[in-house]
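K.L.:
Sequence first, then the predicted structure:
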Amino acid sequence: MSETWNIKFVIHRKKEGGESHFDEFDVETSPDEYVLDGVEKVWAFHDRSLTFQHACHHSTCGACGMRVNGVEKLTCITRIGDITQNGGTLVIEPMANFPIISDLVVDMSSLYDRMEMAGARQIMSLEEAPLDSGVSPDPTAPDDLFRLGDCIECGLCISACPITATNPEYLGPVVLAAVQQRGLKHAPELLKWVDSTEGVWRCHSAYECTEVCPSNVQPGWRIMDLRKQIISRRVKNLFGMK
């Protein structure tokens, strides 16, 4: 049986019309439990007014993204014993660079709108898929459908991005990664959108997005590859190449 730890959860609070502040809660937990388990204990045993999001509890839905001690985490897979010790403190905040709705819940509609503009879908038919997408059909998927990619649209990369923090018009790592995955030759209508000051050229290659991605999508690398695609198209157009 796992030992019992006493952890202080310092949780961001903000209700409509109110000011941001932090409330502290002493929680009995274990090193083998996850941060989300601790947040749920705060809600269950200390304060039922606490607002947060979760769904799957196994890193599939992306709903439970938060900042834990200043670092973006999927809290359902962040083991308490890996980031603190008995008697330690966990500071839990909502993701950055999104409007706060309440406590730990943020409004991610801007991300979803941009992903739709990028034509990103988790599932598409084999007929629609780029031949060089690098994604093999999923034998467990029904009929002729397969996963387009591993991105769960959790928003952690947006929260961690230092450029998004200073320029909300920046398209953001996950959106640019989605365009790269489609490939500009398959979606040439997106070229002007991403080849812009708020697109790939705004990225400063900090790779904070890749560092926090829970699905190994490597958005930083994908942005650099998208730049290569754009430069290649420019060179080909310059010399009249196809």
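P.N.:
On my side now, so go ahead. Computed from a predicted structure; not experimentally measured.
K.L.:
tell me which residues in the lengthiest helix in the chain are buried?
P.N.:
The longest helix of the chain (DSSP state H) is helix 219-238. Buried residues in helix 219-238, counted by 16 or more other CB atoms under 10 Å: Pro219, Gly220, Arg222, Ile223, Met224, Asp225, Leu226, Arg227, Gln229, Ile230, Arg233. Glycine gets a C-beta too; all of them are placed from N, C-alpha and C.
K.L.:
Pretty sure the third one sits against Gln180.
P.N.:
Yes. Proximity of Arg222 to Gln180 meets the contact threshold set by CB atoms under 8 Å, at 4.1 Å.
K.L.:
hey, what's the nearest residue to Thr84 once chain neighbours are set aside bridged with?
P.N.:
Nearest non-adjacent residue to Thr84, counting by CB to CB, 6 or more residues apart in numbering: Leu90, 5.9 Å away. Beta bridges link Leu90 to Phe9, judged by DSSP bridges.
K.L.:
what about Glu153, how many neighbours?
P.N.:
Neighbour count for Glu153, taken as other CB atoms under 10 Å: 20.
K.L.:
same question, Glu211
P.N.:
Considering only other CB under 10 Å, Glu211 is surrounded by 13 other residues.
K.L.:
quick one: it from Cys157, how far?
P.N.:
9 Å (CB to CB, to the nearest Å).
K.L.:
got it, and Glu3?
P.N.:
Glu3 is 35 Å from Cys157, by CB to CB.
K.L.:
what do you get for Ile231?
P.N.:
23 Å.
K.L.:
Now do the same contact list for the closest residue to Gln218 other than its chain neighbours.
P.N.:
Nearest non-adjacent residue to Gln218, counting by CB to CB, 6+ apart: Thr210, 5.3 Å away. Residues in contact with Thr210, defined by CB atoms under 8 Å, 6 or more residues apart in numbering, are Cys157, Gln218, Pro219, Gly220, Trp221.
K.L.:
May I ask which helix or strand of this structure has the lowest mean pLDDT?
P.N.:
Scoring the helices and strands of the chain by mean pLDDT, DSSP states H and E places strand 145-147 at the bottom, with a mean of 40.
K.L.:
still on that earlier bit, neighbour count for Glu3 and Cys157, which is higher?
P.N.:
Cys157 (30 against 9).
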